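Asker: Sequence below, structure please.
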Amino acid sequence: MVQFLAGMKGEGKTKKLIDMSNQDAKVTDGNLVFIDDNRRHLHDLHRDVRYVVAESGELANYREFIGFVLGILAMNSDIRHIYVDSLNNILAQDIVADDCLEKLKNRLDSLVKTNQVGFTISLNCDKASLPEGIKSSLL
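Answerer: Numbering: from 1, shown residues only. The predicted structure is shown next:
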């Protein structure tokens, strides 16, 4: 399942994402990955959650992000969930304005089916600006 947390800066998306991953770490059989744009939350996560840094603006667009995720999945076939904090900061592309968010979701949906992995992604944006196909996946 692909889920999104959307809201403006300061609304508590990161805290919610960290809490969700820490709860999952206690009950999930398998590995969890938390992707962030810097190391500021490294010590907030349960020790069993793998922390991966994708520097701010490091990935040009959603296609490169998919390649990044495929590389992570190739390294470990036992990953059960991937949490992504502030996808807007990781990508150089404005994923909401460029209407690529639905393409990203469709590609991630196929990874969910083939790899039995879930995704929870936070976005810094107004919920009203999201495409209709994404609004149904909001937490």
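Asker: so how far is the host helix or strand of Gln3 off the chain centroid?
Answerer: Using DSSP states H and E, Gln3 falls within strand 2-7. Centre-to-centre, strand 2-7 and its host chain are 9 Å apart (Cα atoms, centre = their mean, to the nearest Å).
Asker: Next: stretch 125-139.
Answerer: Distance of stretch 125-139 from the chain centroid (Cα atoms, centre = their mean) equals 15 Å.
Asker: What is the end-to-end distance of that stretch?
Answerer: 14 Å (Cα to Cα, to the nearest Å).
Asker: ok, which stretches of this structure are helices?
Answerer: 13-27, 62-75, 87-90, 101-115, 132-135 (DSSP state H).
Asker: can you redo the ones you listed as TSV with mean pLDDT?
Answerer: Converted to TSV, those look like this (pLDDT from 0 to 100):
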stretch	mean pLDDT
helix 13-27	95
helix 62-75	94
helix 87-90	91
helix 101-115	93
helix 132-135	87
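Asker: neighbouring contacts of stretch 61-70?
Answerer: 35, 54, 59, 82, 87, 90-93, 95, 100-101, 103-104, 107-108, 111 (Cβ atoms under 8 Å, 6 or more residues apart in numbering). For glycine as for every other residue, the C-beta is placed from the backbone atoms N, C-alpha and C.
Asker: one step back: the strand holding Gln3: which residues count as buried?
Answerer: Val2, Phe4, Leu5, Ala6, Gly7 (16 or more other Cβ atoms under 10 Å).
Asker: most neighbours per residue, which of the helices of the chain?
Answerer: helix 87-90 (a mean of 21; mean count of other Cβ atoms under 10 Å).
Asker: Can you list the helices and strands that that helix packs against?
Answerer: strand 118-124 (3 or more Cβ pairs under 8 Å, 6 or more residues apart in numbering; DSSP states H and E).
Asker: So what are the sheet partners of the strand it packs on and their directions?
Answerer: For strand 118-124, the pairing partners within the sheet under DSSP bridges are strand 2-7 (parallel), strand 79-84 (parallel).
Asker: Having no further points to raise, I will conclude here.
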